[in-house]
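A.B. asks: would you be able to build a 3D model of this:
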Amino acid sequence: MGHKIHPKSVRIGYIKDWDSKWFNLKEMPDFIEEDFRIRVYLKNKLKMASVSRIGIERAGKYIRVNIYTSRPGIVIGKGGQGIENIRMEVEQMTSRKAFVNVMEIKRPEADAQLAADNIAYQIEKQVAFRRAMKKVMEKAMLAGAQGIKVMCAGRLGGAEIARTEWLKEGRIPLQTFRAEIDYGFTEANTTMGKIGIKVWIFKKEHFQKTAKELLEEAKLVENVENVEAASAAEESK
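C.D. replies: Numbering: from 1, shown residues only. Model prediction:
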């Protein structure tokens, strides 16, 4: 058996950041449960708004909720009524002064969670799972992803025995910490049961040297070699 590790967990503090930003040892269990309830509630309420993730920040008696979505208009609502209702509901759930920010995702095709949700939606609409996977992979690669892997598990195609199918395109360097790997998971509810969908998208590599930087390094090495050769020639005289 392989050791399955969440791609984000090993990159936190290096190239990734926490989704919940607060520190309180005394009330930590209550806050963790509260964050979970807020995320579940908003995910269900904004099911059609293509919400990728929800960030939560706490400071004293204040709480800030950052909603990352590719369809901000649905979250904000007509005249800002939608976002105002969310703010009031969060205040009722937490008994704290709440602020709600809506962050737009510019390239939803390259977001792993939205890609997984898209596949789940198509499978629930009885689209062939392999066709749904290929379509999402094509869109992700066209959006600039360097690699994508999709895995579906369950009673695929209505089969009596559950199985796992996966497709891959490009590079997915899961063990390279500087590689930005976006991970998404969701479940499709079909008449035959649940189908689990996992998506890994390799976006870019951090700290990678550009061609200009490599050229400058090569020039520096060449200059050092020239100086060393000149000093050696002088010593020989």
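
A.B. asks: run through the residues that contact residue 201.
C.D. replies: Going by Cβ atoms under 8 Å, 6 or more residues apart in numbering, residue 201 touches 110-112, 115, 140, 145, 147-148, 181-184. The way it works is simple: take the backbone N, C-alpha and C, and place the C-beta from them, glycine included.

A.B. asks: redo the residues you listed as CSV? Include pLDDT and neighbour count.
C.D. replies: As requested, those are exported to CSV (pLDDT from 0 to 100; neighbours: other Cβ atoms under 10 Å):
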residue, pLDDT, neighbour count
110, 91, 22
111, 94, 26
112, 94, 25
115, 95, 29
140, 93, 29
145, 91, 24
147, 94, 19
148, 95, 28
181, 92, 24
182, 92, 22
183, 94, 17
184, 93, 21
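
A.B. asks: what sits against the residue positioned nearest the centre of the chain?
C.D. replies: Residue closest to the average C-alpha location in the chain (Cα atoms, centre = their mean): residue 182, at 4.0 Å. Counting by Cβ under 8 Å, 6+ apart, residue 182 makes contact with 7, 110-113, 200-201, 203.

A.B. asks: where does pLDDT dip in this protein?
C.D. replies: Low-confidence segments of the chain, defined by pLDDT under 70: 1-3, 208-210, 236-237.

A.B. asks: quick one: the helices in it?
C.D. replies: 28-45, 72-76, 81-94, 112-124, 129-142, 211-236 (DSSP state H).

A.B. asks: which of these sits most buried?
C.D. replies: helix 112-124 (a mean of 22; mean count of other Cβ atoms under 10 Å).

A.B. asks: hmm, who's touching it?
C.D. replies: 50, 52-53, 70, 105, 108-109, 129, 131-133, 135-136, 139-140, 148, 150, 152, 182-190, 195, 197-201.

A.B. asks: just the angle for it relative to helix 28-45, thanks.
C.D. replies: 50 degrees (axes from the mean of the first three to the mean of the last three Cα atoms, to 10 degrees).

A.B. asks: nothing else from me, thank you.
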